[in-house]
Structures are given as C-alpha cells and as structure tokens.
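*Asks:* Just need the structure, nothing else, for what follows:
(2 chains)
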Amino acid sequence: MTLTTERPAPATATAPGLDPIAAAIADIEGLEELGTQPQPVLTGETKPRDLVLICYSGELEKTWAALILATTAAASGINTKMFLTFWGLQTFVKDEKRITGENAMQKMLAMMQRPGISHRKLSKMNFLGMGPWMMGVLAKQYGVAKPKELLEAAQALGVEFMPCQMTMDMFGLKREDMIDGLGEPVGAATVIELLANGAASLFI
Amino acid sequence: MTTLEIAAQVDARGLSCPMPIVRTAQGIKPLAAGALVEVLTTDPGSQKDFVAWCRSTGNELVEQSVDGTVYRFVIRRK
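*Replies:* The predicted structure follows:
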C-alpha cells in the first residue's frame, strides 16, 4: 500500500494505453505527446498515504468536519497534516484567550470574532449562540464527539498541525496565544510541495 | 461466538462516527502483531466503516456479528 510515484516510460511509437477517442482528439489538436503526459500510476492497492487538510474556515460546522476527517485519516494509518490558515487558525488559539493581536485593529477583530475551539459559531442559524448550544446538546445526546474532544484525539493520533506564518503575522498572533502541540509556522510553499508530491488534500 | 483469544476490548457503544474507529486505532496500537481486539459499537455506520478501515490499515477483520443493536467486530492486528 504505497503510492507509486514513478512516471510511465516515454511512449513508444505505438503509444500503448492511448484510447481511440483520446487519439482522435490528439490528432485534431496536434498533440503528439498526449500519451506521454506524466500521470501518477495507481495500480492495485496503491493509494495516496498522505493527507493535507487546508483549514481555512473558522465556523463550527467546518471545524467539526475537518477534525472528524483528520482523526479518521490518522486512525487509518495515513500521515495527516492540517494547515491552519486565515479563520481556520483562529480555532487553534487557546480558549481562554479573549483578546489577541498587537495593534488596535487586530484586537478589534479578535473582539468581533472570539478565537478558540470552544467559541466557534455556525455559519447559518447561529442565533447569538443558540445554534451552537443546540448542536452541543444533540452531540451529547447522540454520542458525537465535540470539536475539542476530536482535537485531543487528533493530537493523540499524531496529526501534525502547521500554522500559517502569514496569518499569525496578519492577526498579530504569538506562539503563546496558540494551543500546545502545534508545529512550526510555515508558508504556502510547504503545503504546495506536499500536494505536488501526491498528498491527498481537502480545503475546508 | 468462537473461542478466539481476545487480547483487548474496545467498548465504543453509544459513540458516533468517528470515535469507534478512533478508539479502535488507539486500542489496537499497543498490541503485538497477530493479537486480536474485540470492538463493540452501536453505530449502524460502523458495519461498513470497519470493513473499510481494515482494508485501509491492513488489519484483518476476523469476525463481524450483530446482537440486537450491538455490532461486534474481532480484528487481528497487522
């Protein structure tokens, strides 16, 4: 169960694997090299074994979904990384931090959108916290783990958290504002390299 | 019911997705290769989920049964 990243050998004169329709299109468009485009070869039980979740949103329901998928992936033996950026990063500020930021505007933003995983709002039907409260009651009733429990499970299962350096700077977030167990802040190039190397990805 | 020697049990009754899988992954980790873990769940989705999880992790689903509303799985650690 490993990802075969080898590229197919350059097509021979017979271009095996080029189906008639693709061949016809290639003929019309003059794409002689259609059959030689590098394609990841997925054979048998090979599959990607790396997953990168790009956590961009800060809403309760999206945070919840991202953490369900991350814990399940890690529990399935997949190397799972969460890149925390923009509103997705606010989730990983310590719950007890009320005001973050260095200047007035950053502090005002934190006032307007309380950071921390226990203070997420629903994107719809938030109703001043009534929506999230009802979700919490239902979660308890149906044995659904809340985001905070899932975060603990994710950390126990070895999910790697990569905070976005640019977002840290823009919101004036310091390392001590963030929960324990996050990795070093990184930039987009680190994520892009993982994706380019064949990691499965989700943008939530 | 068989006379398999169970090394560990995971009681995930009452828990919803993804906790049965998460607890099982945590419960099977300290076991030796070849050891058996018994998992109990009440989440109907776990019937398919454990089959998929075993496929993706390479662990072997030895037994799968239903007793009323409780689903039982016996999994051999890879």
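*Asks:* what's the pLDDT at A:I28?
*Replies:* Turning to A:I28, the model gives it a pLDDT of 62.
*Asks:* Smallest distance to chain A belongs to which residue of chain B?
*Replies:* B:A25 (3.5 Å; CB to the nearest CB). C-beta: built from backbone N, CA, C; applies to glycine.
*Asks:* isn't that residue right up against A:L157?
*Replies:* Yes - B:A25 is within contact range of A:L157, at 6.6 Å (criterion: CB atoms under 8 Å).
*Asks:* the more surrounded of these two?
*Replies:* A count of neighbours by other CB atoms under 10 Å in any protein chain shown puts B:A25 above the other of B:A25 and A:L157, at 23 against 20.
*Asks:* The nearest residue to B:D49 once chain neighbours are set aside: which element?
*Replies:* Closest residue in space to B:D49, ignoring its immediate chain neighbours: B:I21 at 6.0 Å, by CB to CB, 6 or more residues apart in numbering or on different chains. In this assignment (DSSP states H and E), B:I21 forms part of helix B:19-28.
*Asks:* With just CA atoms, put whichever helix or strand comes after that helix into PDB.
*Replies:* Where DSSP H and E defines the elements, the next helix or strand beyond helix B:19-28 is strand B:36-41. C-alpha atoms of strand B:36-41 as PDB (Å, rounded to 0.1, in the frame of the first residue of the first chain):
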ATOM      1  CA  LEU B  36      -7.000  -9.900  18.500                       C
ATOM      2  CA  VAL B  37      -9.100  -6.900  19.600                       C
ATOM      3  CA  GLU B  38     -12.800  -7.100  20.100                       C
ATOM      4  CA  VAL B  39     -14.800  -4.000  19.300                       C
ATOM      5  CA  LEU B  40     -18.400  -3.300  20.400                       C
ATOM      6  CA  THR B  41     -20.400  -0.500  18.700                       C
END
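*Asks:* packing partners for strand B:36-41?
*Replies:* On a contact count with 3 or more CB pairs under 8 Å, 6 or more residues apart in numbering or on different chains; DSSP states H and E, strand B:36-41 meets strand B:6-12, helix B:19-28, strand B:70-76.
*Asks:* Pick the most buried one from these.
*Replies:* Comparing these by mean neighbour count (mean count of other CB atoms under 10 Å in any protein chain shown), helix B:19-28 ranks first with a mean of 23.
*Asks:* ok, and what's touching it?
*Replies:* Identification of contacts with helix B:19-28 by CB atoms under 8 Å, 6 or more residues apart in numbering or on different chains yields A:71-72, A:74-76, A:143, A:145, A:153, A:156-157, B:8-10, B:12, B:15, B:37, B:39, B:41, B:43, B:46, B:49-50, B:53, B:57, B:59, B:75, B:77.
*Asks:* could you redo the last one with a cut-off of 7 Å?
*Replies:* Here helix B:19-28 makes contact (CB atoms under 7 Å, 6 or more residues apart in numbering or on different chains) with A:71-72, A:75, A:145, A:153, A:156-157, B:8, B:10, B:12, B:37, B:39, B:41, B:43, B:46, B:49, B:53, B:59, B:75, B:77.
*Asks:* Please identify the residue of chain A positioned nearest to chain B.
*Replies:* For chain A, CB to the nearest CB, closest residue to chain B: A:A75, 3.5 Å.
*Asks:* Next, the contact list for that residue, please.
*Replies:* By CB under 7 Å, 6+ apart, the contact list for A:A75 reads A:157, B:21-22, B:25.
*Asks:* Of all pairs in these, which one spans the longest distance?
*Replies:* The span of those, defined through CB to CB, is set by A:L157 and B:I21 at 10.3 Å.
*Asks:* wait, isn't A:T85 in contact with A:M168?
*Replies:* No - in this structure, A:T85 is not within contact of A:M168 by CB atoms under 7 Å, at 9.7 Å.
*Asks:* quick one: which of those two has more around it?
*Replies:* A:T85 (23 against 18).
*Asks:* Which residues does the residue nearest to the more buried one when sequence neighbours are not counted form beta bridges with?
*Replies:* Spatially, and ignoring its direct neighbours in sequence, A:T85 is nearest to A:C164 (3.8 Å; CB to CB, 6+ apart). On the basis of DSSP bridges, A:C164 is bridged to A:V186.
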